[in-house]
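Colleague: my questions are about this predicted structure, shown below with the sequence.
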Amino acid sequence: MADATSAGAGGGGVPDGDRNKLADRYKNYFPIGAAVDSQSYMTHAALLKTHFNSVTAENEMKFESLQRTEGNFTYDAADRIVSFAVASNMKIRGHALVWHSQNPSWLFSNGAGGTVSKEALLARMNSHISNVVRHFEGKVYAWDVVNEAMMEDGTYRTGNLADGQRSRWYEILGESYIAEAFKLAHAADPDAKLFYNDFYNYLPAKQQGIYKMLKGLLDQGVPVHGVGLQAHLNIEPSTVSTNQAYYQRVANMEEAIKLYSSLGLEVQVTELDISLYIPGVTYNPSTFYTTATFTDELKAKQAARYGEFFELFRKYRSVISGVTFWGIADDNTWLSEFSSGRKDFPLLFDVDHDPKPAYDAVVDF
């Protein structure tokens, strides 16, 4: 592994001491975070300690990880990540309390082959959120309270969708589950910042749906403090007008930032990466990228893409209170974990933990 303290020296007129530390470069802008798993915070510790000052547990704080069986909370894996972050003087984001995915099988069951009642599910939500948020009180400064409750057309994610997409929360409780989750989280830790988190925020219809939902919550006095933009981006927008990534442009993301912040909410970029693959293009194993085919031209293109989005983020430093990458380096990314075996290289550091041109594009300003 490369020496992270000497990586990327020189260039761009930036002092080496600052340029070598990503978070230090952005100390006057916003914290720079990374998603970690139960191993990567150790295997990538040198990069984390040098370049990042915030962490998010990729899976270890989700419902199925913390409460596999009802009433039995298993905090060991999450606690180890939190202890590392506290010892390293890093901020900690909690992800995620209520989501349609990665839930234990018992959660929506009545135990007799049927669906849990509304009253019982509310009690289970109360128990989970209260226990989890109190457990991490004073350590986790911000929570993604509700994750991905809206569809691309700006309507709620309901219970009438295909498996893997439908929300049992909505099916059983209706849209009120969202307000209830925020109220419970606030009661458990009044000092924590509470976020709504979602993807495809560059879609105009989805922007409006999220805005309408958030405004409604705020008008009711529900304690919502911010919006998380997942920002799983691609190396270029899709050329297919019916593909969601056709709208994946800086100007559209800027509209989302302006829209949400107009409500007085903080904005955070919560799950940033830039895939080499272009939505709407068909790939097969012969066209999957490898370290050998990740050419200098592609690296430069990815760097330019990172550069333009970070220029946007810096422009809105007054409302953006954090930017988190969904991973640390290219050797450990969710985008390389699909059953197809397709590899991707979406982060600022390569498989050897060395800085890429994308890193230069982010720090040279």
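Modeller: Received it, and whenever you're ready, just let me know what you need.
Colleague: C-terminal to whatever helix or strand Leu233 lives in, what's the next element?
Modeller: Using DSSP states H and E, Leu233 falls within strand 232-234. Counting by DSSP H and E, the next helix or strand C-terminal to strand 232-234 is helix 250-261.
Colleague: could I get the phi/psi values of the residue lying farthest from the centre of the chain?
Modeller: In the chain, counting by C-alpha atoms, centre = their mean, Ala112 sits farthest out from the average C-alpha position, at 35.8 Å. Main-chain dihedrals, Ala112, degrees, to the nearest 10: phi -130, psi 30.
Colleague: rewinding a little: what does the strand holding Leu233 contact?
Modeller: Residues from elsewhere that reach strand 232-234 (C-beta atoms under 8 Å, 6 or more residues apart in numbering): 199, 245, 248, 271-279, 305, 309, 326. Just so you know, the C-beta spots here come from the backbone N, C-alpha and C atoms, and that holds for glycine as well.
Colleague: show me what contacts Ala185?
Modeller: With C-beta under 8 Å, 6+ apart, Ala185 has these contacts: Leu97, Ile129, Val133, Trp143, Val145, Ala192, Leu194, Pro223.
Colleague: re earlier: just checking: what are the partner strands of the strand holding Leu233?
Modeller: The pairing partners recorded for strand 232-234 under DSSP bridges are strand 266-275 (parallel).
Colleague: what's the spacing between stretch 292-299 and its chain's center?
Modeller: 26 Å (C-alpha atoms, centre = their mean, to the nearest Å).
Colleague: what comes up buried for it?
Modeller: Phe294, Lys299 (16 or more other C-beta atoms under 10 Å).
Colleague: look at that stretch and report the distance between its end residues.
Modeller: 12 Å (C-alpha to C-alpha, to the nearest Å).
Colleague: contacts for that stretch?
Modeller: So stretch 292-299 is contacted by Ile235, Leu276, Tyr289, Phe345, Lys356, Pro357, Ala358 (C-beta under 8 Å, 6+ apart).
Colleague: let's see it at 6 Å
Modeller: Phe345, Lys356, Pro357 (C-beta atoms under 6 Å, 6 or more residues apart in numbering).
Colleague: got it, and stretch 51-60?
Modeller: 22-23, 31-37, 65, 77-78, 81, 85, 90-93, 95, 324.
Colleague: equivalent analysis for stretch 266-280, please.
Modeller: So stretch 266-280 is contacted by 197, 225-236, 238, 240, 243, 245, 257, 260-261, 289, 302, 305-306, 319-326, 335, 344-347 (C-beta under 6 Å, 6+ apart).
Colleague: narrow those to just the buried residues.
Modeller: Neighbour counting by 16+ other C-beta under 10 Å classes 197, 225-236, 238, 245, 257, 260-261, 289, 302, 305-306, 319-326, 335, 344-347 among those as buried.
Colleague: mind checking which of the contacts of Ala185 land in strands?
Modeller: Judged by DSSP state E, the subset of the contacts of Ala185 located in strands is Leu97, Trp143, Val145, Leu194.
Colleague: columns distance to Leu173 on top of these, output as JSON lines?
Modeller: Output for those, formatted as JSON lines (distance: C-beta to C-beta, whole Å):
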{"residue": "Leu97", "distance to Leu173": "14"}
{"residue": "Trp143", "distance to Leu173": "19"}
{"residue": "Val145", "distance to Leu173": "15"}
{"residue": "Leu194", "distance to Leu173": "18"}
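Colleague: helix, strand, or coil at Gly94?
Modeller: Three-state secondary structure (criterion: DSSP: H, G, I helix; E, B strand; the rest coil) places Gly94 in strand.
Colleague: got it, and Glu152?
Modeller: coil.
Colleague: can you pull up the most central residue in the protein?
Modeller: Glu271 (2.9 Å).
Colleague: distance of that residue from Phe294?
Modeller: 22 Å (C-beta to C-beta, to the nearest Å).
Colleague: Ile129 too?
Modeller: 42 Å.
Colleague: any chance of CSV for the contacts of stretch 292-299, columns pLDDT?
Modeller: Conversion of the contacts of stretch 292-299 to CSV gives the following (pLDDT from 0 to 100):
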residue, pLDDT
Phe345, 98
Lys356, 97
Pro357, 98
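Colleague: which one of those sits closest to Gly71?
Modeller: Nearest to Gly71 out of the contacts of stretch 292-299 is Phe345 (C-beta to C-beta; 42.4 Å).
Colleague: which residues touch the closest one?
Modeller: So Phe345 contacts Leu276, Phe294, Asp330 (C-beta under 6 Å, 6+ apart).
Colleague: the first one: neighbour count?
Modeller: Here the number of neighbours of Leu276 (other C-beta atoms under 10 Å) works out to 22.
Colleague: against Phe345, how distant is it?
Modeller: Going from Leu276 to Phe345 by C-beta to C-beta gives 6 Å.
Colleague: again, but for the second one
Modeller: Applying C-beta to C-beta, the value for Phe294 to Phe345 is 5 Å.
Colleague: pull the helix or strand with minimum mean pLDDT from this protein.
Modeller: helix 16-19 (a mean of 50; mean pLDDT, DSSP states H and E).
Colleague: quick check: next helix or strand after that helix?
Modeller: Past helix 16-19, the next helix or strand by DSSP H and E is helix 22-25.
Colleague: what sits against Leu348?
Modeller: With C-beta under 6 Å, 6+ apart, Leu348 has these contacts: Ala358, Tyr359.
Colleague: repeat that with 10 Å
Modeller: 8, 22, 32, 34, 47, 51, 272-274, 302-303, 306, 325, 327-330, 355-363 (C-beta atoms under 10 Å, 6 or more residues apart in numbering).
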